[in-house]
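Asks: Predicted structure and sequence below. I'll ask about it afterward.
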Amino acid sequence: GYNLTAGGGLGMSQNNPNTFPRKADVIGYLSREQIEAVAKGVLTIHRDYGDRTDRKHARLKYVLAEKGVEWFRNELEQRVGFKLEDAKPFEFKRQGDRFGWHQQTDGNHFLGLFIEAGRIKDTDSIQLKTAIRKVVDTYNTEVRLTPTQNILIVNVAPESVEGINKILSEHGVQTTHEKSPVRSATMACPALPTCGLALAESERYLPGLIDRIESMLGNAGIPQEEIIIRMTGCPNGCARPYMAELGFVGRAPKKYNVYVGGNESGTRLNRLYKESIKDEEMEDVLGSLFQRFKEERQTAERFGDWGARILWKEQEEEQDA
């Protein structure tokens, strides 16, 4: 069976306190035979109690936020006609993908390829799009897209590995992952010019910002630090910036809200740290943060955990004052 979660969603509208990102609540456990009935029950609760007067507030997460988990579970059980069991224990420890070649449990192999900012394209130096197409056409491999915008080429027979390596090499694609830890943990939404909702750049801007962040981390003495970074061009949260250790949300052209305090497992929402940071202010804002992190971190503490421990406390003290 399955644990049921409900009420999560990362979209919000700026300057509207009635909208906010929210983690899902764990509601209970159901058997696989009960999936259809439970799904229908959840949908009809949203139909009957969701806010239809305000499109920005018409989300299931606001029903959960306002009425609570106990009410939701009781309402759901009345609609489906049976009790849910208590949720089974589970734990998420980290997120991310495995890059390079790895052996599957069935003896075949899979290849993890890093896709910077999620864009599969050909450039003068790397013809990634053409290479992947040729691999699939030649070897009939299965391609999977990961939740962090990367690609897995899976179910590769051992005798095909060498041929795939040759195709990729001819197109400038590396099968060994040599990107820095911080670059490997990034994700961006398409934003401008593709998305009509975008207020700022994201996909095209993030790689250059990561160049600068790598330099800042080097100046702080932590060049190999992994920090999970997410960027979007608007507050709708398509690249999950509100779950990142360091999140950037477009506010206007070349201006971003900066969020800090998510965790490695992606199970903690971050908090707004600075509003409307301009492109030319990034070094001052982020450089000082990384330097403080280096000096104040506990043993092996991650950037997001440090931010939640130190920066959140400072914000709370300022509010109390």
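Replies: Looks like it came in fine.
Asks: how many neighbours does residue 291 have?
Replies: 16 (other Cβ atoms under 10 Å). Glycine gets a C-beta too; all of them are placed from N, C-alpha and C.
Asks: show me what contacts the closest residue to it other than its chain neighbours?
Replies: What sits nearest to residue 291 in space, not counting adjacent residues and going by Cβ to Cβ, 6 or more residues apart in numbering, is residue 220, at 4.9 Å. Residues near residue 220 by Cβ atoms under 8 Å, 6 or more residues apart in numbering: 287, 290, 291, 293, 294.
Asks: Then residue 235?
Replies: Applying Cβ under 8 Å, 6+ apart to residue 235 gives the contacts 11, 12, 13, 14, 249, 250, 257.
Asks: let's see 7 Å
Replies: 12, 13, 14, 249 (Cβ atoms under 7 Å, 6 or more residues apart in numbering).
Asks: of those residues, buried ones?
Replies: Among the contacts of residue 235, the ones that count as buried by 16 or more other Cβ atoms under 10 Å are 12, 249.
Asks: Quick check: ChimeraX command selecting the buried ones in the contacts of residue 220.
Replies: Command for ChimeraX, covering only those of these found buried under the criterion 16+ other Cβ under 10 Å:
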select :287,290,291,293,294
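Asks: measure the residue nearest in space to the middle of the chain to residue 9 for me?
Replies: Nearest residue to the geometric centre of the chain (Cα atoms, centre = their mean): residue 240, 4.1 Å. The gap separating residue 240 from residue 9 is 11 Å, by Cβ to Cβ, to the nearest Å.
Asks: go on, residue 163?
Replies: Relative to residue 9, and taking Cβ to Cβ, residue 163 is found at 44 Å.
Asks: and the two? which has more neighbours close in?
Replies: Neighbours per residue (other Cβ under 10 Å) separate residue 163 from residue 9, with residue 9 holding more: 18 against 14.
Asks: residue ranges of the helices in the stretch 1-150 of the chain, please?
Replies: Here the stretch 1-150 of the chain has its helices, by DSSP state H, counting those that start in this stretch, at 35-49, 60-67, 69-80, 128-139.
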